[in-house]
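Participant: make a model of this:
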Amino acid sequence: MSMRIDGVRNPYEVYQTQRTNNVARLSRAEEKKDIVALSEQAKDYQVAARALKEVPDVRQDKVNEIQSKIESGNYNVSSKDIAAKLLGNL
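Facilitator: The predicted model follows:
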């Protein structure tokens, strides 16, 4: 016993049609390319970020100066200066 279904095309033709549609859809997608545009402000940030990377984290000249004062016993910090800094950070 065989069954006949009207209105159905050859399965190969259906596959080819779908394949052609998929290729066309991919071609249209390839035509639409993403574009990145940076504002002038973003470009300024990039320049600043690069400049900051070149600056050392530690100012060695200041460290050496304080270290030599400590070693020689000449480094004194007043309690008023400490209190002012603490209160200034609140």
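Participant: report pLDDT for residue 28.
Facilitator: What the model reports for residue 28 is a pLDDT of 59.
Participant: return the set of buried residues in the helix or strand encompassing residue 80.
Facilitator: Per DSSP states H and E: residue 80 is located in helix 79-88. Within helix 79-88, no residue is scored as buried using 16 or more other CB atoms under 10 Å. In this view, the C-beta of every residue, glycine as well, is placed from N, C-alpha and C.
Participant: that one - contacts with which helices or strands?
Facilitator: Contacts defined by 3 or more CB pairs under 8 Å, 6 or more residues apart in numbering; DSSP states H and E place helix 79-88 against no helix or strand at all.
Participant: do me a favour and average the pLDDT over that helix.
Facilitator: Mean pLDDT, helix 79-88: 90.
Participant: need the CA coordinates for it. CSV is fine.
Facilitator: Provided in CSV are the C-alpha atoms of helix 79-88 (Å, rounded to 0.1, in the frame of the first residue of the first chain):
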residue,chain,number,x,y,z
SER,A,79,50.9,64.9,65.2
LYS,A,80,49.0,67.9,63.9
ASP,A,81,49.9,67.0,60.3
ILE,A,82,48.8,63.4,60.9
ALA,A,83,45.5,64.6,62.4
ALA,A,84,44.9,67.0,59.6
LYS,A,85,45.4,64.3,57.0
LEU,A,86,43.1,61.9,58.8
LEU,A,87,40.3,64.5,59.2
GLY,A,88,40.8,65.7,55.6
